[in-house]
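1. next come a sequence and a model predicted from it.
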Amino acid sequence: MTEGTISGFLIDLDGVLYTGDTPILGARETIGFLTDHGYPFRCLSNSTRKCRRTIAARLETMGFSIPESSIFTPPLAAVRYMKDAKKDRAFLLVTGDVDRDFAGACTDNGSVQTDYVVVGDAGDKVTYANLNHAFRCLMEGAELLALERDRYWMDRDGLSLSAGPVVAALEMAAGTTATVFGKPSKEFFGLALADLGVPKDKVVMIGDDIATDIGGAQGTGIRGTLVRTGKFSPAALKDSPVRPDHVLDSISDILTLV
């Protein structure tokens with residue numbers, strides 16, 4: 001990277017700014033530097049259970065001063081997508097408080113005549129009745145939007161199904177293909193760039209996942225910097241076909257890029 005060419009940042013959260021409930025050493029100071037020196041940034045999260053306000057509040061408890069407007073998640077990308085299409089009818093198959101991010105952006109009158117079926121990590125909301133309603137909406141012409149399509153995730157009591165299997169079931173049943181939001185989709189990175197308002201050749205993605213963060217960013221024409229924190233693995237870096245533009249010890253080292 002050439003000194004002085006970076007003017008905006010996309011930053012992963014878990015594993016880059018913090019692990020568990022503990023901030024990465026120097027992460028809070030780095031965010032403070034970016035804010036104080038006018039560098040625009042967006043914190044990218046694949047969370048589909050928590051609304052942006054909840055994520056911002058959690059970051060605040062860890063000592064980060066990051067406004068809601070600087071957090072970009074799959075629900076926010078989906079809302080932008082719907083607004084760009086000027087369609088606002090949607091059936092949400094989600095859980096947690098993530099529905100708050102859709103408040104005012106879409107409506108649901110219970111009819112199968114709708115524009116979108118939006119699927120996130122829905123937990124116990126994945127019932128036959130809800131799946132069948134989603135299926136009927138799709139058969140009536142609704143577009144399937146997947147906030148993410150991970151197969152599973154590690155909950156406190158063990159591995160748990162994520163949104164991917166639900167999305168796959170609806171795709172098969174309705175004979176359709178979902179538009180996928182969240183990392184590593186090009187749609188997500190493109191919308192995050194639009195929200196950031198900085199040309200992609202002036203932006204760098206900072207992440208700890210070689211495939212999702214770095215591969216996804218590079219697939220959209222954004223440079224990717226891998227940090228050796230969070231889920232970083234030397235073996236994963238060695239074996240991956242993805243080659244980061246830069247590898248740093250932690251987010252605190254990104255100051256060497258500006």
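-> All right, it came through fine.
2. tell me the secondary structure at residue 184.
-> coil (DSSP: H, G, I helix; E, B strand; the rest coil).
3. mind checking the SS state of the closest residue to it other than its chain neighbours?
-> Leaving aside its chain neighbours, residue 184 sits nearest to residue 216 (2.6 Å; criterion: CB to CB, 6 or more residues apart in numbering). C-beta coordinates here come from the backbone N, C-alpha and C atoms, glycine included. For residue 216, the secondary-structure state derived from three-state DSSP is helix.
4. so residue 216 touches residue 189, yeah?
-> Yes: at 6.0 Å, residue 216 counts as touching residue 189 under the criterion of CB atoms under 8 Å.
5. of these two, who's got more company?
-> Ranked by neighbour count (other CB atoms under 10 Å), residue 216 and residue 189 place residue 189 first, with 27 against 24.
6. ok, now how distant is residue 32 from residue 88?
-> 38 Å (CB to CB, to the nearest Å).
7. what about those two, which has more around it?
-> Using other CB under 10 Å as the criterion, residue 32 and residue 88 rank with residue 88 on top: 17 against 13.
8. pLDDT at that one, what is it?
-> Here the pLDDT value assigned to residue 88 is 94.
9. ok, now which ones touch residue 98?
-> 47-51, 75, 120, 147 (CB atoms under 8 Å, 6 or more residues apart in numbering).
10. let's see it at 7 Å
-> Each residue near residue 98 by CB atoms under 7 Å, 6 or more residues apart in numbering is listed here: 48-51, 75, 120.
11. can you list contacts of stretch 165-174?
-> 119, 122, 126, 134-135, 138-139, 144, 146, 149, 151, 177-178.
12. buried stuff in it?
-> Buried residues in stretch 165-174, defined by neighbour count with 16 or more other CB atoms under 10 Å: 166-167, 170-171, 174.
13. with stretch 201-212 instead?
-> In stretch 201-212, counting by 16+ other CB under 10 Å, buried: 203-210, 212.
14. so which of these comes closest to residue 112?
-> Residue 112 lies nearest to residue 212 out of the buried residues of stretch 201-212, by CB to CB, at 33.8 Å.
15. look up how far residue 149 lies from the closest one.
-> In terms of CB to CB, residue 212 sits 12 Å off from residue 149.
16. same deal with residue 139?
-> On the measure of CB to CB, residue 139 and residue 149 end up 20 Å apart.
17. of these two, who's got more company?
-> Each of residue 139 and residue 149 has its neighbours counted (other CB under 10 Å); residue 149 has more, 19 against 13.
18. OK, contacts around that one?
-> 163-164, 167, 180.
19. run the last query once more with 8 Å
-> 162-164, 167-168, 178, 180, 182 are the contacts of residue 149 under CB under 8 Å, 6+ apart.
20. please consider this matter closed, and thank you.
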